[in-house]
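Participant: show me the folded form of this:
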Amino acid sequence: MAKGSDRVRFNVGGKIFETTTTTLANAGRDSMLGALLDEDWNLNAGDGAAAEYFIDRNPACFSVLLDLLRSGELHLPPHLPDKLLYREALFYGLLDHVRAARWGPFDGDRLRLSSSIYGRAPSDATAIRASPDGGCCVAHGRVVHIYDWMLDEHRPINLDYQQVNDAGYVDSGHIVVTVSERPGHTIGGMGLFSSSSGELRHRFRVYHDGKAKTFTAGALCFSDSQFKIFASCKGRSNEYGIGVWDQNTGDQSDFFYEPPGCPFGEADELQWIKGDNFLMVATIFPRIEKCFIGILDFREKNLVWSWTDEGRMTTASLDEKRVLHAIVMENNRSICVVNQYEDLGFLDLRSNRGGGVRWSSRSKLLKRKVRGEETCYPKLVMKSGQLFSSMNDTISVFSGPDWVLTSTLRSSVGGSIHDFSIGGDRLFALHSEENVFDMWESPTLPIL
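Facilitator: The predicted structure follows:
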C-alpha cells in the first residue's frame, strides 16, 4: 500500500475490514490503530508494506470498535458480552473511547444502577473505596478485596489477623491500608500495597523520641498536590494525633500531637482542604460520646478552628442534634454535618468559635428504624457541586444553593447501605447484608 493512501485494510481473525486513515485518527495517538499513522496522520507504511494488516483478535469486537470510531456511538449486539468488548478495547487502547460512549460525565441526578456484585468474604464489610480509574476495593474484617475497572477481582490483601480500619487509593495502582495494633505483637499501623497483586510495597512507621513505635492507624486522607498521606494514630504512650508521610518515599514527614480535649487519634474522618492547605479532623459518635471537629494548620502547628457539641445539647434535644458525619464544602466556607434523621446542618468556618449548627428543614420524613434492620450511620460525600447522603437503604442527592433533594438512589438487594464512595465517574454503595455492593453510573445523553 503506497504511503499517502487514505484507505486501510485489516484482516481480523480471518474477517476483512476496510476503513480510512481519518477513522483511524479518531483512535488517538496512544492507541494501537493511531500508531499506524505518521505525524501528519497519513498511513505510516514504507516500501514493500503489506496490502493489509493481520490482527489475530476477535472480529466481532473489532467491528463494534471500528463503528465506534466512525460514528462516536457504541452499539453492542446482545450476544456480545461486555467484558469481552472491554478486553478487546484494552488491547487496542480504546477503553477510554468505549467508556465515554457508554457512560457520560458523573451526574448524581442521572445515575443508574449498572451492576450488583456479590463478594466472597464471610464477615461484615468495613468500607468501600473507589479508585481513580473506576475500580474499587472492599475491606472485610482483615482482608481487602480489590476490583479493577471491569470489576474483575484481583488477589486480595490479607493483613494476618489485623483489623482493617480504613483504605484508600494513592493512585490506581496502589492502595494504603490502615490497621489496628495486634495485641502482644509489635506490628500494626499502615502499609502501601499493589492494587494488581496485593503485595506489600512499603510499611509506614511512626517515630517518637527517635524510636519507631507500634500504633493503630485509623482514618486516612491524601493531599495530591503535596504528595502527603495523613492518618489518625494512637499508640501505647505519647504518639496520639495525626501522622504525615511522604507518598513517594514513605518517610514520616510530620506529626501533629493532639492537644488536651482534641481527640485526633480517634478521628473518624480526615479531609484535606484544597486551596487553604488545612486538614479537617472529625471525631464523632459512636467512637466518642461528644462530637469534635477541628481545622489544623500543619505549617504553624496550630488548631485554627474547632467546634464541639459538648455542652450545647440538652437531654430533650439530644436525638435531634447528634452529629454523625461531617465534610468541608467545596467553597471552603462551611462544614456540612448530618444527624440520624438525615437533617443537614452547616457550621460557618469564618467564625473562629464555630458557632452553632444551622440545621436545614427536614430533608425527608422521619425515618424510624425497621425491626431487625441493621444500624447504618449516615455518611456525606461531595462530588461536582452535589451533596450525597446515605441513610438506611437510600442515597439522597442534594443540589443547588439551598441543597434541595433532587434524586434518590435505591437498590432492591443487600439491605441498608453501610458505606459508599465516588471515583472514576462511578458511585459504589456497600450494603450491610448479603455481602453485596452496587455500582452506579451516568448514561450518556441522547443524541438529538
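Participant: my guess is Leu192 contacts Arg201. True?
Facilitator: Yes: here Leu192 lies in contact with Arg201, judged by CB atoms under 8 Å, at a distance of 4.7 Å. (C-beta placed from N, C-alpha, C; glycine too.)
Participant: more neighbours: the two, which one.
Facilitator: Taking neighbours as other CB atoms under 10 Å, Leu192 and Arg201 compare with Leu192 leading, 19 against 13.
Participant: so what's that one closest to, chain neighbours aside?
Facilitator: His202 (4.3 Å; CB to CB, 6 or more residues apart in numbering).
Participant: what sits against the one you found?
Facilitator: 191-192, 250 (CB atoms under 8 Å, 6 or more residues apart in numbering).
Participant: just give me the closest of those to Leu24.
Facilitator: Using CB to CB, Leu192 is the member of these that sits closest to Leu24, with 39.8 Å.
Participant: next up, the contacts around the closest one.
Facilitator: 170, 174-176, 200-204, 250.
Participant: of these, select the buried ones using a ChimeraX command.
Facilitator: This is how ChimeraX selects the buried members of these, with burial counted by 16 or more other CB atoms under 10 Å:
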select :170,174,175,176,204
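Participant: dump the contacts of Leu192 into JSON lines; add secondary structure as well.
Facilitator: Shown next, in JSON lines, are the contacts of Leu192 (DSSP: H, G, I helix; E, B strand; the rest coil):
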{"residue": "Val170", "secondary structure": "strand"}
{"residue": "His174", "secondary structure": "strand"}
{"residue": "Ile175", "secondary structure": "strand"}
{"residue": "Val176", "secondary structure": "strand"}
{"residue": "Leu200", "secondary structure": "strand"}
{"residue": "Arg201", "secondary structure": "strand"}
{"residue": "His202", "secondary structure": "strand"}
{"residue": "Arg203", "secondary structure": "strand"}
{"residue": "Phe204", "secondary structure": "strand"}
{"residue": "Gly250", "secondary structure": "coil"}
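Participant: closest to Ala27 out of the contacts of Leu192?
Facilitator: His174 (29.0 Å).
Participant: distance of that closest one from Lys228?
Facilitator: 15 Å (CB to CB, to the nearest Å).
Participant: and if you look at Asp251?
Facilitator: For Asp251 relative to Lys228 (CB to CB), the value is 11 Å.
Participant: with Val413 instead?
Facilitator: For Val413 relative to Lys228 (CB to CB), the value is 39 Å.
Participant: these two: which is more packed in?
Facilitator: Legend: neighbour count by other CB under 10 Å for Val413 and Lys228, higher for Lys228 (18 against 12).
Participant: ok, and the closest non-adjacent residue to the more buried one?
Facilitator: Closest residue in space to Lys228, ignoring its immediate chain neighbours: Val244 at 5.6 Å, by CB to CB, 6+ apart.
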